[in-house]
Every structure is written in structure tokens, then in C-alpha cells.
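Asks: Provided below for reference: sequence and predicted model.
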Amino acid sequence: MGFWFGRRRRRSIFDYIDYMFREFEEEIRALEEEIAEMLRRGGASVRGPYVYGVRITIGPDGVPRVEEFGNVKVSKGEGVKILEEMEPLVDVIDHDDEIWIVADLPGASKDKIKVKATEDKVIIRAEDGKKYYKVVELPSKVKPETAKASYKNGVLEIRIKKVKPAKEGEEEPGFEVKVD
């Protein structure tokens, strides 16, 4: 029987939140047991540390988002996989005429960090003892040639100018393609 169905007394929102946290704790406990069993069997080809984390946020559209980070990946069909590259925790901030990306890369050396930008995504890679890899989908189109990055105290900051939408009456930006 579901949490909200088949109950006679009316539940408060706090009962629902408590229920969700208990469910989440059970999922984490099962994940820990599966990882421990895999390590006992010698199934992990990557030496530790093993990092798995989630961040839960509410998007601008009001929809909750769960973002995983670390080098442990969990999927229903494949179970638990431990990757060689760690997925860093990343924040994407849509700020006026720029997109700001802030990534945590503790222990990485500045000269070993590679950043590649396209119109709709940024790829972050670092290989220096610890390996990091993340593809960041951007909320709007950007001009990749304007990207500027800085790295200090384990935090990578990237700023990229957005493509300005055409004003009413102006021609849309882009390349005209001849139709044969």
C-alpha cells in the first residue's frame, strides 16, 4: 500500500518528507552493501577512494533535480560501476549575458586541467593523480571563443558569453545556407 493511499487519518507534509528520507536512507544502505560485496569479490578494478554523492535542488521551473557526483555510478540495469574518473560537483549559473560554471576539482594541477567549449556544452577533464571528467550541458547557447577559465584552491571557474537573441525586426544570427 502506498504512503498516501489506504490511510484513514490525514497526513501532514512533514510525514511525507520523513517518509521520503527513510526511503532515501534505505536506498543508500542497499548501495553501500552492494559496493561492499563487490569489493569483497574483487570486482573493482579502480583503487579507492570511492565517492558517491547526490545533490537535490529545485530548478527554476519548480521541478526537483537529483544530481549525482563521484566515481560510483548506479543504474537499475547495470547495478554499481566504479569508474576511474571522478565526476566533480558542478554549479551552472545563468548570469545576465554570461554563463558561469563552477567545478570542484580538489587536488588537480592547473596545468593538467583541460576545458573544451561548444555552443551548448562544456567538457571538463583533469588527469593528475586524480582523474576528473564532466560534460556540462548549458542552459542557453554560448560563444565558445569567449570562454575564460581560472583555477584557485581546487575550484575551477569558467565564464562564457551567451549568444544574444535577435531583437524583433533584426535578422536571426547564423549562416545562410543556399538551397539547391
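Replies: Sure, I can see it. Numbering: from 1, shown residues only.

Asks: please count neighbours and contacts with C-alpha atoms only from this point.
Replies: OK.

Asks: and Gly59, how far from Glu67?
Replies: Remark: distance between Gly59 and Glu67 (CA to CA, to the nearest Å) = 12 Å.

Asks: same question for Lys112.
Replies: Lys112 is 25 Å from Glu67, by CA to CA.

Asks: which residue packs closest to Pro64, ignoring adjacent ones?
Replies: Among residues not flanking Pro64 along the chain, Ile58 sits closest, at 4.3 Å (CA to CA, 6 or more residues apart in numbering).

Asks: what's the pLDDT at that neighbour?
Replies: Note for Ile58: predicted pLDDT of 77.

Asks: pretty sure it is touching Arg65, no?
Replies: Yes: at 5.9 Å, Ile58 counts as touching Arg65 under the criterion of CA atoms under 8 Å.

Asks: tell me which element the closest residue to Asn153 other than its chain neighbours is part of?
Replies: Leaving aside its chain neighbours, Asn153 sits nearest to Pro106 (7.5 Å; criterion: CA to CA, 6+ apart). Here Pro106 is covered by no helix or strand, with elements defined by DSSP states H and E.

Asks: same question for the one 10 residues further on.
Replies: Lys116 belongs to strand 113-117 when elements are defined using DSSP H and E.

Asks: quick one, what contacts the residue nearest the centre of the chain?
Replies: Centroid-nearest residue in the chain: Glu67, 5.1 Å away (criterion: CA atoms, centre = their mean). Counting by CA atoms under 8 Å, 6 or more residues apart in numbering, Glu67 makes contact with 54-56.

Asks: same question, Gly53
Replies: Applying CA under 8 Å, 6+ apart, the residues near Gly53 are 68-70.

Asks: SS state for it?
Replies: With DSSP: H, G, I helix; E, B strand; the rest coil as the basis, Gly53 sits in strand.

Asks: all set now, cheers.
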